[in-house]
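S.K.: What follows is a predicted structure for the sequence shown.
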Amino acid sequence: MPPSSAVLRPPVPNLTRRTGRMARRETTRARLPFPRRTLSGPFSNLNPAPAMTPLLQLEDLHITFATPAGQVQAVRGVDLELHAGETLAIVGESGCGKSVLCRSILRLLPDNARISGRILLEGRDIVPCSERQMRAVRGPQAAMLFQDPMASLNPTLPVGDQIMEALRRHRRMRPEQARQRALELLELVGIDDPEARMRLQPHYFSGGMRQRVAIARALANRPDVLLMDEPFGALDAHTRILLQRELLRIWQHHKTTILFVTHGVDEAVYLADRVVVMSARPGTVRAVVPVDIPRPRHRGDPEYARLTASILEMLDTSAGTGRDERKNDAGGCPCR
């Protein structure tokens with residue numbers, strides 16, 4: 001028996017004797033400077049990049065087109081960074097290459113295009129990727145939304161089937177799971193009575209409603225980056241404002257990372273955290289303007305008006321400087 005003054009304590013486990021799978025797991029976890037993340041597609045066998053790395057990064061990006069008149073340079077030496085949860089807008093005059101820049105990220109350019117430089121998605125360069133590897137990137141890692149929603153929608157299939165097909169292919173959902181998720185997405189983008197409307201083909205919807213469906217389909221796989229190439233440009237002014245508000249609501253819900261190409265400076269200031277101002281062709285980055293205006297933003301705010309006017313002035317001073325570059329394209333350069 002121990003003396004009465006002694007204090008009994010439970011035995012202390014010998015931590016140095018912990019062996020096996022648990023010890024190895026804890027040792028591995030201690031060495032990791034950031035949480036593990038499972039990547040899909042061509043990067044599935046690579047370790048994830050640190051959280052401070054930009055989600056999307058363009059380094060010295062050049063894009064040229066071979067035309068009957070010779071080589072036409074659409075984009076020259078562009079450097080950009082897009083961080084997780086950020087909305088980055090790109091503005092510039094027609095033909096400056098902003099749409100070409102956006103589409104080059106997913107290799108959605110004609111065969112006469114040549115890309116040089118680096119496009120880093122989660123820290124990995126995707127410029128050298130094969131077409132097979134790029135198909136694994138499109139959808140799960142980066143999704144594209146076009147001005148014409150029919151560019152991404154099948155006119156013959158019900159819209160619900162198109163969303164479910166994307167979910168089953170990339171997320172391997174069972175049919176009932178995919179159906180429920182499709183309903184949730186249609187409701188998220190503001191489609192009334194999604195249960196009934198998911199059975200309809202796209203031609204039953206107005207232009208604005210088709211674009212909502214296209215957004216739902218793009219969000220189906222929860223892409224790391226959503227690329228939007230003038231998605232509201234073909235809509236009337238009222239519908240455009242409604243969809244801008246819807247996009248902000250969706251962003252607040254999902255914190256989606258967005259690269260947004262637009263002709264409208266007002267639209268860029270309303271939506272973006274930063275606005276990239278491109279020069280006339282060959283497109284270069286003339287300025288990156290932070291939009292330090294709290295959301296929700298009001299177009300009557302003096303700071304909103306001042307910032308919009310400042311960006312418009314930048315565009316005015318660069319207009320026309322690329323006219324010589326646009327001569328003799330002979331239709332070989334789809335620069336926008």
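M.R.: Done, it's in. Please read all numbers here as calculations on a predicted model, not as lab measurements.

S.K.: Now do the helices in the stretch 1-150 of the chain.
M.R.: Assigned by DSSP state H, counting those that start in this stretch, the stretch 1-150 of the chain shows helices spanning 21-31, 98-104, 131-137.

S.K.: Where among these is average confidence lowest?
M.R.: Mean pLDDT is lowest for helix 21-31 among those, at a mean of 38.

S.K.: How is this protein divided into domains?
M.R.: Here the domain assignment for the chain is 41-141+223-326, 153-222, based on automatic domain parsing.

S.K.: what's the burial count for residue 192?
M.R.: The local packing of residue 192 (other Cβ atoms under 10 Å) involves 9 other residues. Where you see a C-beta, it was placed from the backbone N, CA and C, and this is true even at glycine.

S.K.: sec struct for it, please.
M.R.: coil (DSSP: H, G, I helix; E, B strand; the rest coil).

S.K.: How about the backbone phi and psi for it?
M.R.: phi -70, psi 150 (degrees, to the nearest 10).

S.K.: Would you quantify the distance from it to residue 178?
M.R.: 21 Å (Cβ to Cβ, to the nearest Å).

S.K.: now swap in residue 242 and tell me
M.R.: Residue 242 is 28 Å from residue 178, by Cβ to Cβ.

S.K.: Please enumerate the helices of the stretch 151-300 of the chain.
M.R.: So, for the stretch 151-300 of the chain - with DSSP H, counting those that start in this stretch - the helices run 159-171, 175-188, 194-197, 207-219, 237-254, 265-271.

S.K.: partner residues bridging the closest residue to residue 268 other than its chain neighbours?
M.R.: Nearest residue to residue 268, sequence neighbours excluded (Cβ to Cβ, 6 or more residues apart in numbering): residue 89, at 3.7 Å. Residue 89 has the following beta-bridge partners by DSSP bridges: residue 260, residue 275.

S.K.: I'd say residue 89 and residue 278 touch.
M.R.: No. Using Cβ atoms under 8 Å, residue 89 is not in contact with residue 278; the gap is 10.9 Å.

S.K.: Can you dump the C-alpha atoms of stretch 287-307 in CSV for me?
M.R.: Taking C-alpha atoms only, stretch 287-307 is exported to CSV below (Å, rounded to 0.1, in the frame of the first residue of the first chain):
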residue,chain,number,x,y,z
ALA,A,287,-4.4,47.9,-65.7
VAL,A,288,-5.9,45.8,-62.9
VAL,A,289,-8.4,47.9,-60.9
PRO,A,290,-9.6,46.8,-57.4
VAL,A,291,-13.3,47.4,-56.7
ASP,A,292,-13.2,48.2,-53.0
ILE,A,293,-17.0,48.9,-52.8
PRO,A,294,-19.0,46.8,-50.3
ARG,A,295,-21.7,44.5,-51.6
PRO,A,296,-24.6,44.9,-52.3
ARG,A,297,-23.4,47.7,-54.6
HIS,A,298,-25.6,50.5,-55.8
ARG,A,299,-25.2,52.1,-59.2
GLY,A,300,-26.1,55.6,-57.7
ASP,A,301,-23.2,55.4,-55.3
PRO,A,302,-20.6,58.2,-56.1
GLU,A,303,-17.7,55.9,-55.7
TYR,A,304,-19.3,53.4,-58.1
ALA,A,305,-19.8,56.2,-60.6
ARG,A,306,-16.2,57.5,-60.2
LEU,A,307,-14.7,54.0,-60.7
